[in-house]
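Trainee: task: produce atomic coordinates for the following.
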Amino acid sequence: MNNKLIRQSFDAISQGGSIGFSLARAPGLRAFSSFVWERRWFWLALVVGALMLSLPTPVGLTRAGMIVLTISVVATILFVTEPIPLPTVALLIIIAQVVILGLDSSDVARSLMSDSVLFIMGSLMLAVAVVKQKLDKRIAFWIVQFTGTRTANICVGISLVSGIMASFIGEHTVAAMMLPVAITLISLTSDNPKRVRNLAAVLLFSISYGCSVAGIGTPSGGARNAIMVGYWKEFFYDPANPETRQFLVDYVTWMVYAYPVFLIQLPFVTLILLRTFRPEHSDLSRAVVKLRQQIQTTGPMKSAEWVAIGTFFVVLMCWIFFSDLLGLGLIAISGAAAFLIIGLVRWEDVNNGVNWGVVLLYAAAISLGIQMKDTGAALWVATNFLEVLKPLGIENGIPLYAAVSALTTLVTNTMSNGAAVAVLGPITLKLAVVAQESPLIVGFITAVSSSFAYLTVIGTPACTIVYASGYLKTTDFLKVGFKMALMSTCVLLLTASFYWPFL
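Mentor: As a prediction, this is how the structure comes out:
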């Protein structure tokens, strides 16, 4: 009897069967194996961190700097691979600063909340309030009234409207608002997606790339801009030294530097898209007629919609005229409070619509960037990076600008643009100091280049949103993205060479 049971057990194991002896098919072990495999990049990041901490401290780098550099490398791996939720990475950054770096938890907590973080939080809250008004079809109709019904003109109009709005309220918000606009025009042209594939690509990319090139136009255009403004103030501004006031960049100053870069790129967006994807329809008259009928059924704009537009306009004026006095962040959260007080949006909508994890993520990234500066890690990396570039003749001027832009473009296509600036900002700013270049110009190059995430679906929220429509393929981004990246880089370098030095 015992011999028979043993033989059955052996047969079950050898054949992959199970009567309780096959470890490979044990439910608990399968679950554990799946858990380990799904988080393989997390374990690899921890191994990389442990190896870095076990290495001797390089010459010129303090032990604290080595620890901060290790935390940055581990965080970057987790940003790129996303084996755990990104807000969890933020929590680990905070924990590591206290447990490994040895900072006081209260000091770390204070470094998490800055005007830049308030600005990001307030901007996300404002975005929810704006989207709540559902102006998408009206915006589509306003565009075609302005541009006419020719496809090329409508693409220009979509890019222009998307760009102008994205430069003030953030690209993810505008992409969410404008996606129904494009889909409305596409679906009213044809019910068969295969017959309007190129038309869909042109209209949808007009939204995402219009948002991307415009997001650098103002500080409120994206978290990356607010992060760079915070770095300039933290690293270089001294209230006792009037000469450092140039690093206290306000809303208007940023626009003077960056808005022309957006406007110059805008015509090239449509040109590149029309040459890459040949639309099946050169005129959208039939779609416009149907759209007009839908607008007439909806009726005139309601008072709440006008009040929302007016409230945001007041916030914008405060950003322009009072940001140097009150701070961008205070104005942003004051605007969000105004929308709530007036009743244009409910707190439940804000609570559900704002990605609070994003706020935490940027707060932790900015805090880590400050430690990169304070411990000398950023200076050490910048100095060694410059030593690598010297033999290639890339140690200052345009070649250095191109190297910084290329590095930022590479990184921003693998992680969010805000995270890219948070990680690279301290390094490129110190690089500017070592190379005796303007930290303002190099900072703007870093921030602007972070918007060149044209190559991947995950590069920017706008790209992810238009891809979610179902009309695009991942290869479409590669097909047109490299052309966009080359164009944007050329425009940026020309601006940095001839326009910014005069400012």
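Trainee: low pLDDT regions in the stretch 1-150 of the chain?
Mentor: Scanning the stretch 1-150 of the chain with the threshold set as pLDDT under 70 gives 1-27, 131, 134-137, 140.
Trainee: now do stretch 426-433, average pLDDT.
Mentor: Averaged over stretch 426-433, pLDDT sits at 89.
Trainee: can you dump the C-alpha atoms of that stretch in CSV for me?
Mentor: The C-alpha trace of stretch 426-433 is given here as CSV (Å, rounded to 0.1, in the frame of the first residue of the first chain):
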residue,chain,number,x,y,z
PRO,A,426,20.4,70.0,-10.0
ILE,A,427,23.0,68.3,-12.3
THR,A,428,22.6,70.6,-15.3
LEU,A,429,22.5,73.8,-13.2
LYS,A,430,25.7,72.8,-11.4
LEU,A,431,27.1,71.9,-14.9
ALA,A,432,26.4,75.5,-16.0
VAL,A,433,28.3,76.8,-13.0
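Trainee: ok, and what's touching it?
Mentor: With contacts defined as C-beta atoms under 8 Å, 6 or more residues apart in numbering, stretch 426-433 is touched by 231-232, 235-236, 369-370, 372-373, 377-379, 381-383, 385-386, 400, 404, 407-408, 437-439, 441-443, 445-446. In this view, the C-beta of every residue, glycine as well, is placed from N, C-alpha and C.
Trainee: narrow the residues you listed to those in helices?
Mentor: Of the positions in those, 231-232, 235-236, 369-370, 372-373, 377-379, 381-383, 385-386, 400, 404, 407-408, 439, 441-443, 445-446 sit in helices, assigned by DSSP state H.
Trainee: any idea of the pLDDT on the residue nearest to the spatial centre of the chain?
Mentor: Taking C-alpha atoms, centre = their mean, the centroid of the chain lies closest to Asn417, which sits 3.5 Å from it. Note on Asn417: pLDDT of 77.
Trainee: run through the residues that contact it.
Mentor: Applying C-beta under 8 Å, 6+ apart, we find Asn417 in contact with Gly215, Gly222, Ala223, Arg224, Ser450, Ser451, Ala453, Gly459, Thr460.
Trainee: try it again with 7 Å
Mentor: The contact partners of Asn417, by C-beta atoms under 7 Å, 6 or more residues apart in numbering, come to Gly222, Arg224, Ser450, Ser451, Ala453, Thr460.
Trainee: contacting residues around the closest residue to it other than its chain neighbours?
Mentor: Closest residue to Asn417 apart from its sequence neighbours, by C-beta to C-beta, 6 or more residues apart in numbering: Ser450 at 4.0 Å. When contacts are counted by C-beta under 7 Å, 6+ apart, Ser450 touches Arg224, Thr408, Thr412, Asn417, Ala420, Val421.
Trainee: next, format these as JSON lines and append secondary structure and distance to Gly102.
Mentor: Listed next are the contacts of Ser450 as JSON lines, based on DSSP: H, G, I helix; E, B strand; the rest coil; distance: C-beta to C-beta, whole Å:
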{"residue": "Arg224", "secondary structure": "helix", "distance to Gly102": "30"}
{"residue": "Thr408", "secondary structure": "helix", "distance to Gly102": "31"}
{"residue": "Thr412", "secondary structure": "helix", "distance to Gly102": "32"}
{"residue": "Asn417", "secondary structure": "helix", "distance to Gly102": "31"}
{"residue": "Ala420", "secondary structure": "helix", "distance to Gly102": "28"}
{"residue": "Val421", "secondary structure": "helix", "distance to Gly102": "27"}
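Trainee: tell me the most packed of the residues you listed, by neighbour count.
Mentor: Counting neighbours by other C-beta atoms under 10 Å, the top entry in those is Val421, with 32 neighbours.
Trainee: what sits against that residue?
Mentor: So Val421 contacts Arg224, Ile227, Met228, Thr446, Ala447, Ser450 (C-beta under 7 Å, 6+ apart).
Trainee: switch the cut-off to 6 Å
Mentor: Arg224, Ile227, Met228, Ala447, Ser450 (C-beta atoms under 6 Å, 6 or more residues apart in numbering).
Trainee: from those residues, which is closest to Ile341?
Mentor: Lowest distance from Ile341 to the contacts of Val421 (C-beta to C-beta) belongs to Ile227, with 29.0 Å.
Trainee: what's the helix or strand for the closest one?
Mentor: If you go by DSSP states H and E, Ile227 is part of helix 223-236.
Trainee: out of the contacts of Ser450, who's nearest Phe339?
Mentor: Using C-beta to C-beta, the contacts of Ser450 come closest to Phe339 at Arg224, 24.3 Å.
Trainee: surely that closest one meets Gly418?
Mentor: Yes - contact criterion C-beta atoms under 6 Å: Arg224 and Gly418 qualify, at 4.8 Å.
Trainee: quick check: next helix or strand after the helix holding Ile227?
Mentor: For helix 223-236, the succeeding helix or strand toward the C-terminus, using DSSP H and E, is helix 251-276.
Trainee: returning to that earlier point: dump the contacts of Asn417 into CSV; add pLDDT and distance to Met113 as well.
Mentor: Shown next, in CSV, are the contacts of Asn417 (pLDDT from 0 to 100; distance: C-beta to C-beta, whole Å):
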residue, pLDDT, distance to Met113
Gly222, 79, 20
Arg224, 86, 19
Ser450, 90, 23
Ser451, 89, 26
Ala453, 84, 27
Thr460, 72, 26
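Trainee: from the residues you listed, pick the one nearest Pro300.
Mentor: Gly222 (33.6 Å).
Trainee: contacts only, for Asn153.
Mentor: Residues near Asn153 by C-beta under 6 Å, 6+ apart: Thr147.
Trainee: quick one: the closest residue to Pro193 other than its chain neighbours from Tyr401, how far?
Mentor: Leaving aside its sequence neighbours, Pro193 sits nearest to Tyr471 (C-beta to C-beta, 6+ apart; 6.1 Å). Separation of Tyr471 from Tyr401 (C-beta to C-beta, to the nearest Å): 36 Å.
Trainee: look at those two and report which has more neighbours.
Mentor: With neighbours defined as other C-beta under 10 Å, Tyr471 and Tyr401 compare such that Tyr401 has more, 24 against 19.
Trainee: the more buried one contacts Ile445, correct?
Mentor: Yes - Tyr401 is within contact range of Ile445, at 5.5 Å (criterion: C-beta under 6 Å).
Trainee: got any residues that touch both of these two?
Mentor: Ala496.
Trainee: next, the buried residues of stretch 319-333.
Mentor: For stretch 319-333, a neighbour-count test (16 or more other C-beta atoms under 10 Å) marks Trp319, Ser323, Gly327, Leu328, Gly329, Leu330, Ile331, Ala332, Ile333 as buried.
Trainee: just the pLDDT at the fifth one, thanks.
Mentor: You'll see Gly329 listed with a pLDDT of 82.
Trainee: what's near enough to touch it?
Mentor: By C-beta under 6 Å, 6+ apart, the neighbours of Gly329 are Asp115, Leu118, Phe119.
Trainee: grab the nearest non-local neighbour of it.
Mentor: Nearest to Gly329 is Leu118, by C-beta to C-beta, 6+ apart, at 2.8 Å.
Trainee: and the gap between the one you found and Ile333?
Mentor: 6 Å.
Trainee: one more: Val181?
Mentor: From Val181 over to Ile333 (counting by C-beta to C-beta), the distance is 29 Å.
Trainee: how about Ala258?
Mentor: Separation of Ala258 from Ile333 (C-beta to C-beta): 23 Å.
Trainee: so how far is Thr446 from Leu431?
Mentor: In terms of C-beta to C-beta, Leu431 sits 9 Å off from Thr446.
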